[in-house]
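A.B. asks: Next one to model:
(one chain, ligands or ions: 1)
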Amino acid sequence: MAQLVLLPGKERQLARHHPWIFAAAVDRLEGRPRAGDTVEVVAANGRPLAKAGWSPESKIRARVWTFDTQEIVDDAFFKRRVQAAVERRLLLPELCEQEGLRLLHGESDGLPGVIADRYGDTVVLQLTAAGADKWRPALVRALQRATGCARIYERSDSDVRRLEGLLPVAGWLLGEASPTPLSIVENDVRMRVDIVAGHKTGFYLDQRDNRLLTRVLASGRRTLNCFCYSGGFSLQALAGGASEVLSIDSSGPALATAAENLALNPQLDASRAEWREADVFNELRRLKGKGERFDLIILDPPKFAPSAAHAERAARAYRDINVFGFRLLSPGGLLMSYSCSGGISREHFQEIVADAAISAGREARILRRLTAPADHPVRLNFSEGEYLKGLLCQAD
Ligand code: SAH
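C.D. replies: Down below sits the predicted model:
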């Protein structure tokens, strides 16, 4: 096995079980591994530290599979890791019942570069690192065994693959498309999941708990859902008895799916819903100009800052939408504001929202800090930036 030798002192991060080895920590490579091969990571003094997947093209040169230097990375290894991840989800009662569930959450499940989401009997697999890409067949076998699912579809078309020198890949790995369109029930609302053309693996499972919270809060409230995608928050707000729900997205296809989702749920009062295709930045300004007010506003934008390099521009974008969010809130109104940007920490995000409230001339408080649900576990000693951050605020 090839060896990746670290520079003196660079073993410290690994000692804390952070699973990434950056190019700047590497002294030399002994051997000629190919992209995705497993390499042994050793300290400058030759002490073995870990086994990792080799990513020659990425700044993250290797991602650790195991810190147990005796453990062999083979089919059985992936079987164990996948089985453990699936069992972890069964520990929590609120996860056992879900038709839409994240089964594998990358680094946090000890599987860097591997995402797997289950929608009913279909699993969608996304591989974003060279090491993960190499073990595709083992992962498919392990998922099939651990879940008994009939279909596995690959959606490895995320932009981050490019940083690894990997081409986009999509297609069926097991079984084939079901004749009926795929949908799941999430908290009593049926939602279509477009695994082929939808965002990510087809659905934003990370907002499940927060969508449920929206339902609890929406009763009697005039609600504005910005960046609504397929309408997850909007439909929960309707289910919770919102007096009216205005949903905005710039994507026509997303809004078409949202309208279709509403039609799938005849128990909801469709006359209270309006879908509007617009740019949120412009539309918020326009709504303010018209003197509109809302009692509940959801801001769930796309990733404005994928990495720290984009943080400054992203911070301005977050600030802008939150200023308008606060300006549009009625007295006592609630704002649910999110960021999924790796380049913006939880603390930074809170500062941005606090500044926005002041700029909008509002006094506000945080009622709750919002995160992703338990099927998106958070790895200790990992950058918190990588995870969903949200704030539920109330303005005076
Ligand atoms: N809240 C959604 C997920 C939001 S994803 C859910 O719970 O499922 C982000 C959405 O923002 C995408 O649908 C994308 O089309 C939309 N979007 C991105 N930039 C936008 C802009 N400037 N104005 C309006 N919508 C935008």
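
A.B. asks: ok, now which ones touch the residue of the stretch 51-200 of the chain at minimum distance from the ligand?
C.D. replies: In the stretch 51-200 of the chain, no residue comes nearer to the ligand than residue 199, which is 6.1 Å away by Cβ to the nearest ligand atom. Every residue, glycine included, has its C-beta placed from N, CA and C. Neighbouring residues of residue 199 by Cβ atoms under 8 Å, 6 or more residues apart in numbering: 229, 254.

A.B. asks: at 7 Å instead, please
C.D. replies: By Cβ atoms under 7 Å, 6 or more residues apart in numbering, the residues touching residue 199 are residue 229.

A.B. asks: Ok, residue 215 next?
C.D. replies: Neighbour list for residue 215: 187, 236-237, 239-240 [criterion: Cβ under 7 Å, 6+ apart].

A.B. asks: Flag every residue of the stretch 101-250 of the chain that's near the ligand.
C.D. replies: Counting by Cβ under 6 Å from any ligand atom, the stretch 101-250 of the chain comes close to the ligand at 204, 207, 227-230, 232-233, 248-250.

A.B. asks: what's the most distant pair in those residues?
C.D. replies: Comparing every pair within these by Cβ to Cβ identifies 207 and 250 as the most remote, at 18.5 Å.

A.B. asks: More neighbours: which of the two?
C.D. replies: Remark: of residue 207 and residue 250, residue 207 carries more neighbours, 26 against 16, as counted by other Cβ atoms under 10 Å.

A.B. asks: Okay, that one and residue 25: tell me how far apart.
C.D. replies: Between residue 207 and residue 25 the computed distance is 35 Å (Cβ to Cβ, to the nearest Å).

A.B. asks: again, but for residue 107
C.D. replies: Distance of residue 107 to residue 25, computed by Cβ to Cβ: 17 Å.

A.B. asks: next one: residue 347
C.D. replies: 26 Å.

A.B. asks: who's more crowded, those two?
C.D. replies: When residue 347 is set against residue 25 and neighbours are counted by other Cβ under 10 Å, the residue ahead is residue 25, at 19 against 10.

A.B. asks: low-confidence ranges in the stretch 1-150 of the chain?
C.D. replies: In the predicted model, the stretch 1-150 of the chain carries no residue with pLDDT under 70.

A.B. asks: Do you have the strands of it handy? List them.
C.D. replies: If DSSP state E, counting those that start in this stretch is used as the criterion, the strands of the stretch 1-150 of the chain fall at 3-6, 20-22, 26-30, 38-42, 48-54, 60-66, 100-105, 114-119, 122-127.

A.B. asks: which one in this structure is furthest away from the centre?
C.D. replies: In the chain, counting by Cα atoms, centre = their mean, residue 45 sits farthest out from the average C-alpha position, at 38.6 Å.

A.B. asks: For that residue, give me phi and psi.
C.D. replies: With angles defined as degrees, to the nearest 10, residue 45 sits at phi -90, psi 10.

A.B. asks: One more: residue 264?
C.D. replies: For residue 264, the backbone dihedrals are phi -70, psi -10 (criterion: degrees, to the nearest 10).
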